[in-house]
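K.L.:
Prediction below, plus the sequence it came from.
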Amino acid sequence: MSNDFYEKILDNNKKWVETQLKIDVNYFKDLSQTQTPPLLWIGCSDSRVPANEIIGAKPGDVFVHRNIANMVVHSDMNMLSVLDYAVNVLKVKHVLVCGHYGCGGVKAAMSNDSIGIIDNWIRHIKDVYRHHKGELDDIENENERFNRFVELNVKEQVSDLAKTSIVQAAWQNGQELYLHGWVYGLNSGFVTDLGVNYSSNDDLDDVYQLNI
Ligand code: ZN
């Protein structure tokens, strides 16, 4: 990355502040008071899937957590902390897992190549493959199989969100909390709602249900 790029982003920031202040002189003063975002976004780190831009959201609208392949790993303290804060302090109404077609993390999970320490992260995605091996192995076209794997990965992550003690406790306390799964199309810009909806822990397999 050239030095020009670095200078450019510093300059962009100054211009952005000027533009915002021209629209509303109190813009930053007001924003700095508090945040009440209605949505927690769990997305991929991929540079082409910026959370706010693709849904036309403004600063203050979306609490964001991103990692490689938009994973909800039940022992990930980072994800759990973000989720806990979003649900219990910010009281978000929606938690959205947004995957994307062409995801490098999901692609890596389909291959046997070792990339480095990330192999251990990708392994969680391989578990999703194993879980849906029958369906995925039956798809002969590799690209179609890849696309389906991306979708199934999102569905599994939404299900894993529902299994967390954080989400189950919120539901049992009568908190309004909706989980959603989307896939973003890099080459269209459109998202697809996968229609995976959980709104109570009765939707979970018996073994995962917690009496909190
Ligand atoms: Zn990705």
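P.N.:
Alright, I've got the coordinates. Numbers count the residues shown, from 1 in each chain.
K.L.:
show me the residues around residue 82 that make contact.
P.N.:
Applying Cβ atoms under 8 Å, 6 or more residues apart in numbering to residue 82 gives the contacts 40, 63, 65. Where you see a C-beta, it was placed from the backbone N, CA and C, and this is true even at glycine.
K.L.:
Where do the domain boundaries of the chain fall?
P.N.:
Per automatic domain parsing, the domain ranges recorded for the chain read 1-33, 34-208.
K.L.:
Make a markdown table out of these and add mean pLDDT.
P.N.:
A markdown table is the format used below for the domains of the chain (pLDDT from 0 to 100):
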| stretch | mean pLDDT |
| --- | --- |
| domain 1-33 | 94 |
| domain 34-208 | 97 |
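K.L.:
so which of those comes closest to the ion?
P.N.:
When the domains of the chain are compared by Cβ to the ion, domain 34-208 sits nearest the ion, at 3.3 Å.
K.L.:
Am I right that residue 104 is in contact with residue 46?
P.N.:
Yes - when contacts are counted by Cβ atoms under 8 Å, residue 104 is listed as touching residue 46 (7.0 Å).
K.L.:
And the two? Which one has more around it.
P.N.:
In this view residue 104 and residue 46 are compared by other Cβ atoms under 10 Å, and residue 46 has more residues nearby, 19 against 15.
K.L.:
which SS state does residue 181 fall under?
P.N.:
Residue 181 falls in the strand class when you classify it by DSSP: H, G, I helix; E, B strand; the rest coil.
K.L.:
before we move on, back to that, filter the contacts of residue 82 down to the ones close to the ion.
P.N.:
Among these, no residue lies close to the ion (Cβ under 5 Å from the ion).
K.L.:
All good on my end, thank you.
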